[in-house]
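Engineer: Mind folding the following:
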Amino acid sequence: MIQENKTTVTLRYIARWFVGLVFLFSSFTKGVDPLGTAFKVEEYMTAWNFFGISFTGFVPLAPVLSMTLIIAEFLVGVLLLTGSFRKLTAWLLLLMMTFFTCTTLYDAISNKVSDCGCFGDFWKLTNWETFWKNVILDIPTVYIFLTRRWPRRKRLERDILVSLAAIAAMLIFGIYNIKNEPVLDFRAWKVGNKMIDNIEEGLPVINIATYKNTKTGETQTFNMTEWEQYKYILNDSTDTWQMDTIVTKDPYDVKADGFFAQDRDGMDMTFDLIAATHEPVLLCTIHHIDKIDKKGVEAIAEVKKVAEEKGVRFAVLAFVKESETDDDAQEATLLQFLYNNKLMPVDYYFGDEKAIETMLRSNPGFILMRNAVVQGKWHYNNVEKIKNFPFEEIK
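Structural biologist: The predicted structure follows:
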C-alpha cells in the first residue's frame, strides 16, 4: 500500500477528478440517448459469440442493460468527485475499467462492432482509440484503488444520500429521453441540418480520380471530365500516370449513412421525400412495426389528420423485419398494419432499420422536411407539439 503524504494525496485528488469527470461525461452523452445505447448493446449481443455461446437471447434486455450501465457510470463518477464510499467506489471502478479494457481490446482485435458507443453519438472513436483511451484511464484507476483506504472518515448518511440522489437524477433523465426525443441531438438528423447539399434537379454524378506518377510517386486528383484536359499539360508523358483511386460523388447523397427510401416498385424516392421544394413533407418513421403500441397507432392517425388539415404532405417510411426477404411479403406486412389500424390511404415507403433508428428513436416518430432541411422532429408522445407547430411559416 502506498504511504500517505502531501504528494500522494494531491495525486489522488487529480486521479479522482480526472476519472470522475470522464465517467460523468461518458454517462451524460449516453444518458441523453438511452435508446441509442440500447441499440449499441443489441449490436454487441448479435455480433459477439464466445466458444459457440450466443447472446442474442438477451437482446430484449438491451434497454434495461443500457440504463443500468449509464446509471452505474454516472454513480461512480459522482462518488469519485464527492469522495463518497471510497473503498466501494475504488472496487467498482477497478471492476468496471477491467471489463471495459478487456471488452474494447477484444473489439479492437476482432472489429466485429465498429464503434463502442462510449460517448454516444457525440464523439465517435475507432476501436483502437477506445482501447487506448481505457488504458490511459487504467493508470489513475489503479492509483485510486491502491489509495482507497484514505482518508478514514465515517460519513455513511451523507454518502447514502449522495448515491441515491445520483441514481435518481440519471434514472429520471434517462426515462425522460426515452419517453421523448433526446433533449440534445448529436445525430445527423438534428433540427436545422441540411441533409442534401444540392437540391437543384438534373445535376450529374461526378467521378473523382486520383492518378499517381509511376516515376516520381506524385499524385494528382481530377474530376474525370477534366482528365482529358489536364493529361496533355502534365510534365511527364501520359503513360507514366496510372489511376490510383476513384471516388464517385452523387450530388444528391444524403448526409446519413445507409439512408434510402424506396416505393413499392423499388424506385428510389429519397430525393422526392427529403428535398421536396414545393411543399413540406411530414414523415412518419417506423423502425419496428411489430413493437408499435396503441398510443403509437393513435399518434399516427392524429398526425395524419393534422397534416391533411394543414395541407402538408404525409407519408410513412417503414422497415419490415429482415426475415421477410420477399418484397411482396414486406409490403403485405406494412399494408396489413395500415389497413388494420384504419390509416389508409397513405403514401408508404421502405427504408433501412438502422438508418430509421438514427433518424428518430421514437417508434413511431415524426420528422418534417422541406428543401432537404430538418424543420422539426417529434416523439409520438408529443402530438400536441405537432398540432401547435407553425406549418404555414415554412411553406
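Engineer: okay, W227: pLDDT?
Structural biologist: The score at W227 is 55. That number is its pLDDT.
Engineer: next one: the one 3 residues further on
Structural biologist: In this model, Y230 is scored at 57, pLDDT.
Engineer: residue nearest the centroid of the chain?
Structural biologist: D121 (4.7 Å; Cα atoms, centre = their mean).
Engineer: Helix, strand, or coil at it?
Structural biologist: coil (DSSP: H, G, I helix; E, B strand; the rest coil).
Engineer: Quick check: chain neighbours aside, which residue is closest to it?
Structural biologist: F186 (4.0 Å; Cβ to Cβ, 6 or more residues apart in numbering). Every residue, glycine included, has its C-beta placed from N, CA and C.
Engineer: re the thing from before, contacting residues around the residue nearest to the centre of the chain?
Structural biologist: T29, D33, G36, F186, R187 (Cβ atoms under 8 Å, 6 or more residues apart in numbering).
Engineer: now do L105
Structural biologist: Here L105 is in contact with F131 (criterion: Cβ under 8 Å, 6+ apart).
Engineer: That one is in what secondary structure piece?
Structural biologist: helix 86-110 (DSSP states H and E).
Engineer: Quick one: name whatever helix or strand follows that helix.
Structural biologist: helix 127-146.
Engineer: counting contacts, what elements does that next one pack onto?
Structural biologist: Of the remaining helices and strands, those touching helix 127-146 by 3 or more Cβ pairs under 8 Å, 6 or more residues apart in numbering; DSSP states H and E are helix 6-31, helix 86-110.
Engineer: So for E181, which of these sits nearest?
Structural biologist: helix 6-31 (14.2 Å; Cβ to Cβ).
Engineer: tilt between the helix or strand following that closest one and helix 6-31?
Structural biologist: Using DSSP H and E, the helix or strand that follows helix 6-31 towards the C-terminus is helix 34-47. Put simply, helix 34-47 runs at 90 degrees to helix 6-31, going by axes from the mean of the first three to the mean of the last three Cα atoms, to 10 degrees.
Engineer: so how far is helix 34-47 from its chain's centroid?
Structural biologist: Centroid displacement of helix 34-47 relative to its chain, using Cα atoms, centre = their mean, to the nearest Å, is 10 Å.
Engineer: In that helix, which residues are buried?
Structural biologist: Buried residues in helix 34-47, counted by 16 or more other Cβ atoms under 10 Å: P34, L35, G36, T37, A38, F39, K40, V41, E42, E43, Y44, M45.
Engineer: Return the member of those nearest to E4.
Structural biologist: For the buried residues of helix 34-47, the nearest to E4 is T37 (38.5 Å; Cβ to Cβ).
Engineer: Hmm, T68 and the closest one touching each other?
Structural biologist: No: using Cβ atoms under 8 Å as the test, T37 is too far from T68 to be in contact (10.4 Å).
Engineer: tally of neighbours for M97?
Structural biologist: For M97, the neighbour count with other Cβ atoms under 10 Å is 22.
Engineer: Correction: the previous question concerned A276.
Structural biologist: Residues near A276, counting by other Cβ under 10 Å: 16.
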